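*Asks:* Could you work out the structure for the sequence below:
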Amino acid sequence: MYFPMFINLENKNMVIFGAGKIALRRVKSLLNTKCNITIVAPDILEEFYTIENIKIIKDVYNKKYLKNAFIALAITNDNSINDKIYLDCKESNIIVNTASDKEKCDFFFPGVIYKEDYTIGICGNGKDHKLIKDTTNMIRNFLDNKEGERFESKDR
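*Replies:* As a prediction, this is how the structure comes out:
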């Protein structure tokens, strides 16, 4: 059973192995946290180069890139490499999320809603990603409408 926890990632080192669509979504969800993001992959989507304040290393997986990592994400398209990343992280006491295998995740990425005064995270424990995405969007829309109502009632 996973415990929902909100953690301060500011200035923490996050290394992401893989630079495809899933990695891009993860990076975008992490940008507000002000963590130090390093991408390591031999092939990198062009969109990564438009994101400020991330470090990009065009290379294959090597354990040396885990040095000083607080969290690692294994999001390559090769399960054997993801498994190696997982094992290396476990050996080095690094928190890891292995996108290809929910059993090899110390945590799951939630659907996240950031608002000025609060943050909401919704997690499906590694199951039914579409349901979590839809639920997150439903709550986001509800809150956006409620904030609009609150502002409208103040103006009257």
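
*Asks:* Secondary structure class of the closest residue in space to residue 124 that isn't next to it in sequence, three-state.
*Replies:* Taking Cβ to Cβ, 6 or more residues apart in numbering as the measure, residue 124 lies nearest to residue 132, with 4.3 Å between them; neighbours along the chain are not counted. To be clear about C-beta, it is placed using only N, CA and C from the backbone, and glycine gets the same treatment. For residue 132, the secondary structure call by DSSP: H, G, I helix; E, B strand; the rest coil comes out as helix.

*Asks:* Go ahead and confirm residue 132 touches residue 111.
*Replies:* Yes: Residue 132 sits in contact with residue 111 when judged by Cβ atoms under 8 Å, with a separation of 4.7 Å.

*Asks:* Mind listing what's buried along stretch 78-87?
*Replies:* Neighbour-count burial for stretch 78-87, with 16 or more other Cβ atoms under 10 Å as criterion, is recorded at 81-82, 84-86.

*Asks:* Let's see which of these end up in helices.
*Replies:* Cross-referencing the buried residues of stretch 78-87 with the helices (criterion: DSSP state H) gives 81-82, 84-86 as the overlap.

*Asks:* Neighbours of the residue nearest to residue 124, how many?
*Replies:* Residues near residue 132, counting by other Cβ atoms under 10 Å, number 20.

*Asks:* so where does the residue nearest to residue 65 when sequence neighbours are not counted fall, helix or strand?
*Replies:* Among residues not flanking residue 65 along the chain, residue 40 sits closest, at 5.0 Å (Cβ to Cβ, 6+ apart). Following DSSP states H and E, the helix or strand that holds residue 40 is strand 36-41.

*Asks:* And the next helix or strand past that strand?
*Replies:* Heading C-terminal from strand 36-41, the first helix or strand you meet, by DSSP H and E, is strand 54-58.

*Asks:* Nothing else from me, thank you.
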